[in-house]
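Visitor: Please work out how this folds:
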Amino acid sequence: MKRKLLITILALSTLTSGIIAQDWTLDQCLQYAKENSISVLQAIHQLETAEQNVIAAKGAFAPNLSASTGQNIGYSGMLTDNGQGYYSANYGINMGMTLYNGGKLSYNKKQSDILVEARNAGILSTQKEIEISILKAYLQVLSAHENVKIAESMLELSGQELERSQILFEAGKITKADLAQVKAQYSQNNYNLISGKNNLRSRIMELKQLLELDITTSFNVAIPEISDQEVLQALPEMLDIYNQAMLTMPQIKEAQLNIQASEYNLKNAKAGYIPSVSLSAGLSGSYNTSKGTNLGQQFTNSLAPSAGISISIPIYDQSKTKTSVAKAKIEHQQTELSYQQTEKQIAKYVESLYIDAQSAQSNYLAAIDKLASIQESYNLLAEQFNVGMKNTVELLSGQNDLLAAQLQLAQSRYQAVISIQLLNILQDKEIKVGQ
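Guide: Here you go, the predicted model:
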């Protein structure tokens with residue numbers, strides 16, 4: 001796993017150096033966030049911990065082996081004339097092994113394996129959540145960018161109206177008050193443009209912060225063209241989307257694996273009622289200078305092997321096993337409830353997104369017709385204003401209607417795109433926005 005992380009970091013360095021100098025596409029944002037997010041790295045650490053638990057569970061099947069030694073210096077016959085000092089040492093090798101403990105070793109191993117799978121699913125779940133956040137933020141940038149374009153178009157239009165109004169005023173066809181209203185509208189449109197640009201900068205900043213880029217990093221977003229085909233693409237049946245989401249969403253798999261892990265945890269707790277059998281063996285020897293013989297002879301004479309089997313029968317453990325079983329049952333019930341909650345959340349999410357996508361698509365079609373009608377009406381209104389058939393109030397009202405229609409079209413476009421792409425995420429399909 002450490003090797004994989006190192007490769008990922010090196011790949012990220014290459015990726016970052018390649019895209020910092022240019023505008024970031026949605027694909028680049030998604031790739032960078034999924035690989036470099038702190039949340040993902042934390043999930044990877046949880047996986048590494050789970051992998052170490054598997055190693056420990058496997059090791060529990062093997063015997064444990066230890067060596068021991070004791071070294072002593074003493075003095076015998078301290079109150080006699082022939083007292084003397086001595087040195088003694090003892091050595092031992094001990095082995096212990098669990099032969100049977102109610103299946104705990106096996107349950108721990110199986111639970112550890114399942115939790116590794118669950119942590120892998122957890123990484124994918126975190127990446128999916130990041131994908132959703134990045135997609136939303138990216139489309140908010142695109143929406144804000146289009147609003148700026150609309151504001152620029154309206155400012156240019158009101159500038160042209162101001163020029164025509166100035167000519168009409170000088171020709172005596174409109175009053176000074178009418179000219180002032182047109183100037184006020186131009187100022188308002190200029191304010192709208194500045195406000196829109198500020199909003200765009202804020203949306204870009206939010207996306208940059210989601211990517212967890214350094215404050216000194218230069219960042220901007222590539223703006224793709226979104227076609228009508230992309231906005232109005234056919235949607236699969238809602239039930240098909242839900243069924244596919246239940247098969248592919250890692251949150252479901254993670255919840256299912258947590259249920260399985262809790263089942264083995266319950267079995268492990270119940271094993272506390274069952275007797276356990278363990279094997280032990282040892283080999284020891286000693287040496288003492290006061291005995292007069294050499295080290296080899298003493299050690300050979302004192303060498304003592306031992307072996308034994310012990311059986312531990314639980315009788316009363318201060319209700320520890322009973323409470324462990326009760327807690328394991330509660331945990332198992334909690335994992336089942338978590339699965340049901342995840343299932344319901346996905347169902348609710350699919351239905352909500354599906355309705356949003358359908359509504360946005362129908363709104364988009366209606367907004368296209370509405371904008372075409374208002375644009376035609378405004379063009380006629382402007383012509384009539386130029387020849388004195390319409391007053392300033394009617395002209396400015398028509399301009400405001402045109403602005404509102406343009407904003408409605410943009411809003412419905414991006415609402416449809418984001419809903420469709422979120423449905424794609426639920427189905428584990430490719431996320432693609434624009435060309």
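Visitor: where along the chain do the helices fall?
Guide: All helices of the chain, identified by DSSP state H, fall at 2-19, 26-36, 38-59, 104-170, 176-210, 228-231, 238-248, 250-270, 295-302, 320-386, 392-426.
Visitor: what mean pLDDT would you report for the first one?
Guide: Computed over helix 2-19, the mean pLDDT rounds to 42.
Visitor: Please report how far the residue most central in space within the chain lies from T25.
Guide: In the chain, the residue lying closest to the centroid (C-alpha atoms, centre = their mean) is T126, at 2.0 Å. Taking C-beta to C-beta, to the nearest Å as the measure, T126 and T25 are separated by 22 Å. (Glycine included, C-beta is placed from N, CA and C.)
Visitor: For Q71, find the nearest of the helices of the chain.
Guide: Proximity of the helices of the chain to Q71 was assessed by C-beta to C-beta; the nearest stretch is helix 295-302, lying at 13.2 Å.
Visitor: For that closest one, name the packing helices and strands.
Guide: The criterion is 3 or more C-beta pairs under 8 Å, 6 or more residues apart in numbering; DSSP states H and E, and the helices and strands that helix 295-302 contacts are strand 276-288.
Visitor: Return the distance of the strand it packs on from the chain's centre.
Guide: Between the centre of strand 276-288 and the centre of its host chain there is 52 Å, according to C-alpha atoms, centre = their mean, to the nearest Å.
Visitor: Over to stretch 314-321?
Guide: On the basis of C-alpha atoms, centre = their mean, stretch 314-321 is displaced by 42 Å from the centre of the chain it belongs to.
Visitor: Equivalent analysis for stretch 112-131, please.
Guide: 9 Å.
Visitor: Let's see it as PDB, backbone CA atoms only.
Guide: Included here for stretch 112-131 are C-alpha records, laid out as PDB according to Å, rounded to 0.1, in the frame of the first residue of the first chain:
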ATOM      1  CA  SER A 112     -10.800  -8.700   9.400                       C
ATOM      2  CA  ASP A 113     -11.000  -9.800   5.800                       C
ATOM      3  CA  ILE A 114     -14.500  -8.400   5.500                       C
ATOM      4  CA  LEU A 115     -13.500  -5.100   7.100                       C
ATOM      5  CA  VAL A 116     -10.700  -4.700   4.500                       C
ATOM      6  CA  GLU A 117     -13.300  -5.000   1.800                       C
ATOM      7  CA  ALA A 118     -15.500  -2.500   3.600                       C
ATOM      8  CA  ARG A 119     -12.600   0.000   3.900                       C
ATOM      9  CA  ASN A 120     -12.000  -0.400   0.100                       C
ATOM     10  CA  ALA A 121     -15.700   0.400  -0.500                       C
ATOM     11  CA  GLY A 122     -15.300   3.300   2.000                       C
ATOM     12  CA  ILE A 123     -12.600   4.800  -0.200                       C
ATOM     13  CA  LEU A 124     -14.800   4.500  -3.300                       C
ATOM     14  CA  SER A 125     -17.700   6.100  -1.200                       C
ATOM     15  CA  THR A 126     -15.500   9.000  -0.300                       C
ATOM     16  CA  GLN A 127     -14.500   9.400  -3.900                       C
ATOM     17  CA  LYS A 128     -18.100   9.400  -5.000                       C
ATOM     18  CA  GLU A 129     -19.000  12.100  -2.500                       C
ATOM     19  CA  ILE A 130     -16.100  14.200  -3.700                       C
ATOM     20  CA  GLU A 131     -17.200  13.600  -7.400                       C
END
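Visitor: Just list the residues touching L365, thanks.
Guide: For L365, the residues meeting the contact criterion (C-beta atoms under 8 Å, 6 or more residues apart in numbering) are L232.
Visitor: gap between it and E225?
Guide: Following C-beta to C-beta, the distance that separates L365 from E225 is 19 Å.
Visitor: Next: Q251.
Guide: 33 Å.
Visitor: Those two: which has the busier surroundings?
Guide: Summary of the neighbour comparison: Q251 and E225, criterion other C-beta atoms under 10 Å, with Q251 having more neighbours (21 against 7).
Visitor: Name the helix or strand of the protein that has the lowest mean pLDDT.
Guide: Using mean pLDDT, DSSP states H and E, the weakest-scoring helix or strand in the chain turns out to be helix 2-19, at a mean of 42.
Visitor: where are the low-confidence patches of the stretch 101-250 of the chain?
Guide: Across the stretch 101-250 of the chain, nothing is flagged by pLDDT under 70.
Visitor: Give me the angle between the longest strand along the chain and helix 295-302.
Guide: If you go by DSSP state E, the chain has its longest strand at strand 84-100. Going by axes from the mean of the first three to the mean of the last three C-alpha atoms, to 10 degrees, strand 84-100 is angled at 50 degrees with respect to helix 295-302.
Visitor: strands paired with strand 84-100, and their directions?
Guide: Sheet neighbours of strand 84-100, with direction, are listed as strand 64-76 (antiparallel), strand 276-288 (antiparallel) (DSSP bridges).
Visitor: Please identify the deepest-packed of those.
Guide: Between the strands paired with strand 84-100, strand 276-288 has the highest mean count of neighbours, a mean of 16, where neighbours are mean count of other C-beta atoms under 10 Å.
Visitor: Let me see the mean pLDDT of that one.
Guide: Throughout strand 276-288, pLDDT has a mean value of 89.
Visitor: Let me see the residues that make contact with it.
Guide: Defining contact as C-beta under 8 Å, 6+ apart, one finds that strand 276-288 is touched by 63, 86-102, 295, 298-300, 302-312.
Visitor: Please apply the same query to stretch 347-357.
Guide: Surrounding stretch 347-357, the residues in contact under the criterion C-beta under 8 Å, 6+ apart are L235, M238, I241, Y242, A245, Q415, A416, S419, I420, L422, L423, L426.
Visitor: By neighbours, which of those residues wins?
Guide: Looking at these with neighbours defined as other C-beta under 10 Å, the largest count falls to A416 at 25 neighbours.
Visitor: which regions of the stretch 251-400 of the chain sit below the pLDDT cut-off?
Guide: Scanning the stretch 251-400 of the chain for pLDDT under 70 picks out 292-293.
Visitor: what's the pLDDT at N424?
Guide: At N424, the pLDDT recorded in the model is 92.
Visitor: If you could redo that for D81, that was the one I meant.
Guide: According to the per-residue confidence, D81 scores 61 in pLDDT.
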